[in-house]
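*Asks:* I would like to see how this sequence folds:
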Amino acid sequence: MSETKKAKAAVSIDLNDPQYYFNRELSWLEFNRRVLHEAMDPRTPLLERVKFAAIFSANLDEFFMVRVASLQRKLEAEVDPLTPDGRSSQQQLDEISQQLHPMVDQLQKLLEAEIRPQLAAAGVHVLKYAELSQSQQHYLQQHFEKQVFPILTPLAVDPAHPFPVMSNLSLNLAVVLKDLETGEEGFARVKVPDSLPRFVPLPPEFHPHSDRPVVWAGVALEQVIAENLEALFPGMTIQEHHLFRVTRDADLSVQEEEADDLIEAISQELSKRRFGGSIVRFQFAPTMSEFVKQTLIKGMNVDPNDLYMTQGWLGVRDLMAFMALPLPHLKDPSWTPVIPKRLRHLAENLSQGEEAGDDIFHIIRQGDLLVHHPYESFTASVEHFITHAAQDPGVQAIKMTLYRTSSDSPIVSALIDAARHGKQVVALVEIKARFDEASNISWARALEEAGVHVVYGVMGLKTHTKILLVIRKEGDVIRHYVHIGTGNYNAKTAKIYTDLGLLSCREDLGSDLVDLFNYLTGFSKQKTFRKLLVAPVTLRDRMVALIRREIEHCQNGKPGRIIAKMNALIDPGIIKTLYQASQAGVQIDLIIRGMCCLRPGIPGVSDHIRVISIVGRYLEHSRIFHFHNSGQEEVFIGSADWMQRNLDRRVEAVTPVEDPDCARELKEILDILLADNRQAWDMQSTGAYIQRRPTDNVSEHSAQIILMERSLK
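*Replies:* Residues are numbered from 1 along each chain as shown. Next up, the predicted model:
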């Protein structure tokens, strides 16, 4: 077909047609299906399979608390605009239910038929109460009386006792009793306490007999409670008991413009998250009697559409506890992040207690430094940069954003130390970071008490950007040192999330961060930046312009090429522009870990677009955007995905990486990821994914393993 005919055909296609967009929620389910596959894959070490089963379950909990809850709120409010793919909220809820029930059944069969027997063969015995000997049951009865019984609070349901409120994600026992004297039946609820470990270990003398050494043996706490209920209800007989679990709407609703004190408003909302949100999922066993089920449905006001009968374990996320077992042969090989090459001699001097000939500021002045976690150490690079800046007498000011950080963060301690030593310290703490609100409020108060200037961002926007600015006086010169990253300032997640960060003292980047912090802390109406692409100000327009530039190259007979890596691609405007680029002949490779609403491989629409997803031992969290630009390549990293919330409702920063060595390294990372044939999945135009497998005479190519090996060189 001639270029003219192609152009006419492209014009005749309506790129707003819902058929060209995949549903966001169903795309998320496809992502979690890939997580479940890691649990099912026999190539995955056994305890890692347990970990992925737990992650699958935890992901589902959050999905119900946020996404399903949002759909239900739209229905209740009778505000239900169709999604770009043409679905109503009810249609989405129906399809979620249809797809999810078989996946949950698949997980339960996996746990019972494969995981539990294989764990037992490896010396880890997750027992059922019926499997225990009399002596084992006797031990657990004594354990119950001493350690569990005093904590429990049985709650009766009768005219004098209203139906108890079930907390979010709580495990509970519904108990039907009969009075021995009157013969009357009663109903009660016993909560499985969160304060105790989910699994009760048996001491070695009560371990089951086995041909192999027993590493751990025990039972679930709820079974210990269920088998000793008589102690809670003397004078009553237990007619029946059933385990159930509830999930509540956990999304906060804070009207910032109406809140006199944002922290106080969010603190009040947090208490509602646990008890006040409507129930969006009620999980129960198939053995639950109809009487008990209907009693619970009525008492908790559960919609019949929110019933999830679950054959097997409830709260599978708690299986993550078994990752602590000392069984390295059942886990991925251990990995210690390496110190970036240019920082190694500095670290060696520090470890030996010697004064270094130079410091990290000197190293950054020699050229931009790109760090790649968890392959390279966060502690020896970003964390060291912050802690050194806090102590350096030449540093006059430190400004940074905190979206999520670890519970024992050395970074927060460094900021407090810097403030106490008279430095100007500004911390933008995002107290609306979902599920980290309470932690971030605590950090904010600790920082304020130490004299740090704490701000909470721009009204109506979440501050998601990962930026750090250090102002240092060097002789008569004031120099700006910056870190711009893709991930949170969190040493713990930096060991399990892949993220990138740029350390630089380029004057234009430093000046941009000065302006951006003024935008965040004051009344600045900054509309332009020298180098940074900032949401919600310039990022969307600049990304669209960069894609359109590749279109122009193709229209002028030059090659067009885009490679983009991110967590999610949802924004309809960006997707439409990518379709237009494909129609013009631009070759596009997208590495999207999670949700992708673009449909690749549609003739005349997206036949030049390929989408892969990589799911492995590390969570692919970095964002990289590469544009060929007719050989004058440009590459960017930053905090933003191509989602409406990132482009329009959050403060984000994406930086160009202009140092030739750093840019070349980013291109090599993208090439390694695109060549993966172990953890990579190819997205089909239907929205389904097919995992790549090495063909005959082709060796296995795991991008994450290759990047680990590469960092050691």
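*Asks:* quick one: the strands in the stretch 101-250 of the chain?
*Replies:* Using DSSP state E, counting those that start in this stretch, the strands of the stretch 101-250 of the chain run over 124-127, 155-157, 171-179, 185-191, 199-201, 216-220, 236-248.
*Asks:* other SSEs contacting the fourth one?
*Replies:* What that stands for is strand 185-191. strand 155-157, strand 171-179 (3 or more CB pairs under 8 Å, 6 or more residues apart in numbering; DSSP states H and E). No exception for glycine: its C-beta is placed from N, CA and C like everyone else's.
*Asks:* lowest-confidence stretch among the ones you listed?
*Replies:* Among those, strand 155-157 has the lowest mean pLDDT, at a mean of 89.
*Asks:* what packs against it?
*Replies:* strand 185-191.
*Asks:* just the buried positions in the strand it packs on, please.
*Replies:* For strand 185-191, the neighbour count (16 or more other CB atoms under 10 Å) marks 186-191 as buried.
*Asks:* for residue 97, find the nearest of the helices and strands packed on strand 185-191.
*Replies:* Closest approach to residue 97 among those (CB to CB): strand 171-179, 22.3 Å.
*Asks:* in that closest one, what's buried?
*Replies:* Of all the residues in strand 171-179, those buried under the rule 16+ other CB under 10 Å are 171-177.
*Asks:* ok, of those, which one's closest to residue 477?
*Replies:* If you rank these by distance to residue 477 using CB to CB, residue 171 comes first, at 61.1 Å.
*Asks:* that closest one reaches residue 245, doesn't it?
*Replies:* Yes - under the criterion of CB atoms under 8 Å, residue 171 makes contact with residue 245 at 5.4 Å.
*Asks:* find residues that contact each of those two.
*Replies:* By CB atoms under 8 Å, 6 or more residues apart in numbering, residue 171 and residue 245 have these common neighbours: 314-315.
*Asks:* how is this protein carved up into domains?
*Replies:* With domains defined by automatic domain parsing, the chain comprises 123-330, 341-526, 534-711.
*Asks:* and the ones you listed as JSON lines, adding distance to residue 37?
*Replies:* Output for those, formatted as JSON lines (distance: least, CB to CB, whole Å):
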{"stretch": "domain 123-330", "distance to residue 37": "16"}
{"stretch": "domain 341-526", "distance to residue 37": "19"}
{"stretch": "domain 534-711", "distance to residue 37": "7"}
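*Asks:* and the closest residue to residue 429 other than its chain neighbours, how many neighbours?
*Replies:* Residue nearest to residue 429 in three dimensions, not counting chain neighbours: residue 444, with 4.4 Å by CB to CB, 6 or more residues apart in numbering. Residue 444 has 21 neighbouring residues, counting by other CB atoms under 10 Å.
*Asks:* can you check the one 4 residues further on too?
*Replies:* A total of 14 residues lie near residue 448 under the criterion other CB under 10 Å.
*Asks:* likewise residue 136?
*Replies:* Each residue near residue 136 was counted by other CB under 10 Å, and the total is 19.
*Asks:* surely it and residue 201 touch.
*Replies:* No - using CB under 8 Å, residue 136 makes no contact with residue 201, being 11.5 Å away.
*Asks:* now the helices and strands packed on strand 185-191 in CSV, with distance to residue 197?
*Replies:* CSV is the format used below for the helices and strands packed on strand 185-191 (distance: least, CB to CB, whole Å):
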stretch, distance to residue 197
strand 155-157, 23
strand 171-179, 13
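*Asks:* residue 113: which of those strands is closest?
*Replies:* With CB to CB as the criterion, residue 113 lies closest to strand 171-179 of the helices and strands packed on strand 185-191, at 23.2 Å.
*Asks:* and that closest one, which strands flank it?
*Replies:* Applying DSSP bridges to the sheet, strand 171-179 is found paired with strand 185-191 (antiparallel), strand 236-248 (antiparallel).
*Asks:* need those in CSV with distance to residue 565 and mean pLDDT, can you?
*Replies:* What follows is the strands paired with strand 171-179, written out as CSV (distance: least, CB to CB, whole Å; pLDDT from 0 to 100):
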stretch, distance to residue 565, mean pLDDT
strand 185-191, 44, 94
strand 236-248, 32, 95
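*Asks:* between the domains of the chain, which one is nearest to residue 82?
*Replies:* Of all these, domain 534-711 comes closest under CB to CB, at 11.9 Å.
*Asks:* starting at the chain centroid, how far to the closest one?
*Replies:* 19 Å (CA atoms, centre = their mean, to the nearest Å).
*Asks:* can you give me the end-to-end span of that domain?
*Replies:* 31 Å (CA to CA, to the nearest Å).
*Asks:* give me the mean pLDDT for it.
*Replies:* 97.
*Asks:* make residue 1 into 51 and carry on from there
*Replies:* Will do, 51 is the new start, and the previous item becomes domain 584-761.
*Asks:* longest helix in the protein, please.
*Replies:* Secondary structure of the chain per DSSP state H: the longest helix is helix 139-160.
*Asks:* remind me what that one packs against, helices and strands.
*Replies:* The contact analysis (3+ CB pairs under 8 Å, 6+ apart) places helix 139-160 against helix 74-90, helix 96-112, helix 119-127, strand 357-359.
*Asks:* 6 Å - rerun?
*Replies:* Using 3 or more CB pairs under 6 Å, 6 or more residues apart in numbering; DSSP states H and E, the elements in contact with helix 139-160 are helix 74-90, helix 119-127.
*Asks:* keeping just the C-alphas, turn the shortest one into PDB.
*Replies:* Spelled out, it's helix 119-127. In PDB, the C-alpha atoms belonging to helix 119-127 read as follows (Å, rounded to 0.1, in the frame of the first residue of the first chain):
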ATOM      1  CA  ALA A 119     -14.900   0.200  46.000                       C
ATOM      2  CA  SER A 120     -14.600   3.100  43.500                       C
ATOM      3  CA  LEU A 121     -16.800   1.300  41.000                       C
ATOM      4  CA  GLN A 122     -19.400   0.700  43.700                       C
ATOM      5  CA  ARG A 123     -19.400   4.300  44.800                       C
ATOM      6  CA  LYS A 124     -20.100   5.400  41.300                       C
ATOM      7  CA  LEU A 125     -23.100   3.100  41.100                       C
ATOM      8  CA  GLU A 126     -24.400   4.300  44.400                       C
ATOM      9  CA  ALA A 127     -24.000   8.000  43.400                       C
END
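*Asks:* which residues are contacting that helix?
*Replies:* Outside helix 119-127, the residues that touch it by CB atoms under 6 Å, 6 or more residues apart in numbering are 130, 139, 142-143, 299, 301, 330.
*Asks:* now restrict those to buried residues only.
*Replies:* Of these, these count as buried by 16+ other CB under 10 Å: 139, 142-143, 299, 330.
*Asks:* and the furthest pair within these?
*Replies:* 142 and 299, at 15.9 Å, using CB to CB across the buried ones among the contacts of helix 119-127.
*Asks:* tell me the secondary structure at the nearest residue to residue 543 once chain neighbours are set aside.
*Replies:* Distances taken as CB to CB, 6+ apart put residue 537 closest to residue 543, at 6.9 Å, once the chain neighbours are dropped. Of the three states, residue 537 takes coil under DSSP: H, G, I helix; E, B strand; the rest coil.
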